[in-house]
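K.L.:
The amino acid sequence is not available; the structure is as follows:
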């Protein structure tokens, strides 16, 4: 999706024009799909939580339905026209494009795909030349901090936090609170779709990380009490979820799709995506251990510190890509010697 947006900034005569409005929103739809799946899973799990004995079994078993549906649907999904063109099977690519879009426009689309593939001829070594090294570091840092700000401690362990650290909370009530977190996450992501192309990437990321830092500090303060208030805990968790969803959630993906030249974008984004999910795994696997070692209050304050670092990093190092053409971004990196 981002490739289509960025390609629209290029003219045959190499004239520099701004990227059309809405490109950030288009990329952010990826995050919208993720949070939609999250809230659906929360609601289903909450429904099964009323079955005290076998509810947890049904929570696992029900996941086979979308998995099976996805598996069956794959038999009817055509190969990607881009992949077919790369493999030299342009006739098949033309047939797919005629099926899914305007048949009259299909030949032009095949030609456009061919040109894009020709532009993406960069090598892995290009990622480490001056300028591109800095772009790669920025992408890796943003990918890692997006996870290490601690959002998944709220999304994954919200019910555990409520049952183990807030007294008198049943499993059903705790999972129900997760549904509320999912709803806020969903609504805030819709807000992000509206803001991402109006406010700009840097401002949204900074406000998001700053607001999340405040929420995590408040969450830590609540847990300093021997009897944490369930209302205060849930309010802080909702604030963290909203702050993340409105900026860091979709915004990082948008920046990653825009800061790299076409020739190396695929390789660079692949590396950053691997780093992001490794960071997610590390956070998920270490949260409970860190909480045991230093306490839940200091754990949330640790994540708040990472949020503060993110604000400074975006402010001082990350370039603004809103409204910038492909040529302008490439020229920006060429001026760097890092």
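P.N.:
Received it, and whenever you're ready, just let me know what you need. Bear in mind that the values here come from a model prediction, so they are computed numbers and not experimental data.
K.L.:
Can you list the buried residues in the strand or helix carrying residue 198?
P.N.:
Residue 198 belongs to helix 171-199 when assigned by DSSP states H and E. Residues of helix 171-199 classed as buried: 171-189, 192-193, 195-197, 199 (neighbour count, 16 or more other C-beta atoms under 10 Å). Backbone N, C-alpha and C define where each C-beta goes, glycine included.
K.L.:
now stretch 107-119
P.N.:
109, 110, 113, 116.
K.L.:
Quick check, the first one in contact with residue 84.
P.N.:
Right, residue 109. No: at 11.9 Å, residue 109 does not count as touching residue 84 under the criterion of C-beta atoms under 8 Å.
K.L.:
which residues are common contacts for these two?
P.N.:
By C-beta atoms under 8 Å, 6 or more residues apart in numbering, residue 109 and residue 84 have no common neighbours.
K.L.:
now for the one helix or strand residue 265 maps to, which elements pack on it?
P.N.:
Using DSSP H and E, residue 265 falls within helix 262-294. Judged by 3 or more C-beta pairs under 8 Å, 6 or more residues apart in numbering; DSSP states H and E, helix 262-294 is in contact with helix 2-7, helix 106-119, helix 132-148, helix 151-165, helix 249-258, helix 296-316.
K.L.:
Would you single out the least confident of those?
P.N.:
Lowest mean pLDDT of the helices and strands packed on helix 262-294: helix 2-7, a mean of 47.
K.L.:
could you give the mean pLDDT of stretch 200-214?
P.N.:
Across stretch 200-214, pLDDT averages out at 93.
K.L.:
whoops, I mixed them up, stretch 62-80
P.N.:
For stretch 62-80, the mean confidence score works out to 90.
K.L.:
First-to-last residue distance for it?
P.N.:
Stretch 62-80 stretches 30 Å from its first residue to its last (C-alpha to C-alpha, to the nearest Å).
K.L.:
Tell me the gap between it and the middle of its chain.
P.N.:
Averaging C-alpha positions (C-alpha atoms, centre = their mean, to the nearest Å) puts stretch 62-80 23 Å from its chain's average.
K.L.:
And the contacts of it?
P.N.:
By C-beta under 8 Å, 6+ apart, the list of residues contacting stretch 62-80 from outside reads 44, 48, 92, 96, 99, 100.
K.L.:
Could you rerun that using 6 Å?
P.N.:
By C-beta atoms under 6 Å, 6 or more residues apart in numbering, the list of residues contacting stretch 62-80 from outside reads 44, 96.
K.L.:
ok so, going back, from the middle of its chain, how far away would the helix holding residue 265 be?
P.N.:
Per C-alpha atoms, centre = their mean, the displacement of helix 262-294 from the mean C-alpha position of its chain is 11 Å.
K.L.:
Would you mind getting the angle between that helix and helix 151-165?
P.N.:
Angle, helix 262-294 to helix 151-165, by axes from the mean of the first three to the mean of the last three C-alpha atoms, to 10 degrees: 20 degrees.
K.L.:
Pull out the buried residues from helix 262-294.
P.N.:
Neighbour-count burial for helix 262-294 flags 262-265, 267-269, 271-272, 275-276, 279-280, 283, 287, 290-291 (criterion: 16+ other C-beta under 10 Å).
K.L.:
now swap in stretch 30-44 and tell me
P.N.:
Neighbour counts using 16+ other C-beta under 10 Å place 31, 32, 35, 38, 39, 41, 42, 44 of stretch 30-44 among the buried residues.
K.L.:
same thing with stretch 298-308?
P.N.:
Quick answer for stretch 298-308 (16+ other C-beta under 10 Å): 299, 300, 301, 303, 304, 306, 307, 308.
K.L.:
same question, stretch 315-326
P.N.:
Using 16+ other C-beta under 10 Å as the burial criterion, the residues of stretch 315-326 that qualify are 318, 319, 321, 322, 324, 325, 326.
K.L.:
same check, this time on stretch 202-215
P.N.:
Neighbour-count burial for stretch 202-215, counted by 16+ other C-beta under 10 Å, picks out 202-213, 215.
K.L.:
I'd like the distance from that stretch to the chain centre, please.
P.N.:
Stretch 202-215 sits 15 Å away from the centroid of its parent chain (C-alpha atoms, centre = their mean).
K.L.:
what's next to that stretch, contact-wise?
P.N.:
149, 236, 239-240, 243-244, 246-248, 251, 304, 307-308, 310-311, 314-315, 320.
K.L.:
again, only using 8 Å
P.N.:
So stretch 202-215 is in contact with 145, 149-151, 192, 195-196, 236-237, 239-240, 242-244, 246-249, 251-252, 255, 304-305, 307-308, 310-311, 314-315, 318-320, going by C-beta under 8 Å, 6+ apart.
K.L.:
for stretch 292-308, same thing?
P.N.:
With contacts defined as C-beta under 8 Å, 6+ apart, stretch 292-308 is touched by 145, 148-150, 153, 161, 165, 209-210, 212-214, 216-217, 219-221, 223-224, 287, 290-291.
K.L.:
go on, stretch 274-288?
P.N.:
140, 143-144, 146-148, 150, 152-153, 156-157, 252, 299.
K.L.:
buried subset of those?
P.N.:
140, 143, 144, 146, 147, 148, 150, 152, 153, 157, 252, 299.
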